[in-house]
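**Student:** Below: sequence and its predicted model.
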Amino acid sequence: MLTMDQRKLGASELVVPALGTDVASWGDKQAGYGTSHTREDILQTYRLCLDTGLTFFDTAEPYPASERLLGECLKVDHRPILIASKFAPPLTRFSRKRSLLDALDQSLARLEIKQIDLYQIHWPSPRLKVEELMDVLAEAVHAGKIRAVGVSNYSAPLLRQAHARLAQHEIALASNQVRYNLLHRYPETNGVLDACRELQVALIAYNPLEKGILTGKYRSQETSAPRQLNIFHRLDPFGDTRGSTPAVKRLLSPPRVLQRERLEPLFVVLEEIARTRKKTSAQVALNWLLMKDECVIPIPGAKNARQARENAGALGWQLTEEEHGRISQAEIASR
């Protein structure tokens, strides 16, 4: 029987915590590894995650250092965990569907395990058909190298294609990992959330705190958002707003999520509810996302024990419908 803090990974046999941990930044020097956090910090983070029931970790083969560190943690602390990784299809004409199996073997070697719980396609391939990739993933399932199949950054139509192809192999599509948070609600309007509900596919929400913006860390005039964050929002990878906003306008005007005066009323509401609940604004924002639908599984990052502890504090309680509605309306008013 599931508890309130557990979720089914779609129609697969896997049951995971309602909140996972994104470990892509582990070992990433650009994210501060070796300066702001060390291998020992990562091990402490890992142990604290397990102590608080956060046993679901998400990484990917483009982040080999992350996979190695996660494997090292698993060797030091032998408690059982669930691991998700991803295959990043090459973006060149040299793409081969068999390269997925090579990448999978390399991930297994870095993690030092024999089977990955959830293996996902990192993004749609411009060269390889959805059906080709699903066929190879099915082969990996039957070979015992992965337990469940997922995709990432897939639109609703691509999600349906993947689901239908896997069904021919009698395999359920377990998940679609997309960017989803209080400031980035496109899965609610672009058909992705509806398709996940209909097909019994888990929606794994990456960037659930919008790269730290929803923690309030850039709320002060004294704290500027890093340049790469500004560029990320202006370029809008994976095209959620490209259809409605001309490229020149996106590049020349500051994104809404970095306009303090527009977001301040939303932060006031988050702060008021957080104070009443004896929580942080980040925990309130994560709980808001958890309450959107039982198929949603946010995966905030954590590079130190403090962040892991704060993430865990989003579980074990629920916003009221009135509180949830206030937050939703405050976000809509900021657009």
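**Tutor:** Thanks, I have the structure now.
**Student:** Okay, now the unreliable bits of this protein?
**Tutor:** Residue ranges of the chain with pLDDT under 70: 1-4, 92-95, 221-253.
**Student:** at 90 instead, please
**Tutor:** 1-4, 27-37, 90-99, 125-128, 217-261, 335 (pLDDT under 90).
**Student:** ok, which stretches of it are helices?
**Tutor:** Using DSSP state H, the helices of the chain run over residues 39-51, 64-76, 99-111, 130-142, 156-168, 192-199, 227-235, 247-252, 260-277, 281-292, 305-312, 321-333.
**Student:** Single out the most deeply packed of the ones you listed.
**Tutor:** Sort these by mean neighbour count, taking mean count of other C-beta atoms under 10 Å, and helix 281-292 sits at the top with a mean of 24. Using the backbone N, CA and C atoms, a C-beta is placed for each residue, glycine as well.
**Student:** looking just at contacts, which helices and strands does that one meet?
**Tutor:** Identification of packing neighbours for helix 281-292 by 3 or more C-beta pairs under 8 Å, 6 or more residues apart in numbering; DSSP states H and E yields helix 260-277, strand 296-298, helix 305-312, helix 321-333.
**Student:** Residues contacting it, please?
**Tutor:** Residues outside helix 281-292 that contact it (C-beta atoms under 8 Å, 6 or more residues apart in numbering): 18-19, 180-182, 188, 193, 205, 208-209, 214-216, 267, 270-271, 273-274, 277, 279, 296, 298, 300, 310-311, 313-315, 317-319, 324, 327-328.
**Student:** which residues does Ala205 bridge with?
**Tutor:** Judged by DSSP bridges, the bridge partners of Ala205 are Val178, Pro298.
**Student:** Pretty sure it sits against Pro300.
**Tutor:** No. Taking contacts as C-beta atoms under 8 Å, Ala205 lies outside contact range of Pro300: 9.0 Å.
**Student:** Val16 contacts Asp5, correct?
**Tutor:** No. With contact taken as C-beta under 8 Å, Val16 and Asp5 are classed as non-touching, separated by 10.2 Å.
**Student:** Looking at those two, which is more packed in?
**Tutor:** Val16 (24 against 16; other C-beta atoms under 10 Å).
**Student:** quick one, what contacts the spatially closest residue to that one that is not a sequence neighbour?
**Tutor:** Counting by C-beta to C-beta, 6 or more residues apart in numbering, Val16 lies nearest to Phe56, which is 4.3 Å off, once chain neighbours are set aside. For Phe56, the contacting residues are Val16, Pro17, Leu19, Gly20, Thr21, Ile81, Leu82, Ala84, Ile297, Ile299, by C-beta under 8 Å, 6+ apart.
**Student:** Perfect, I'm done here.
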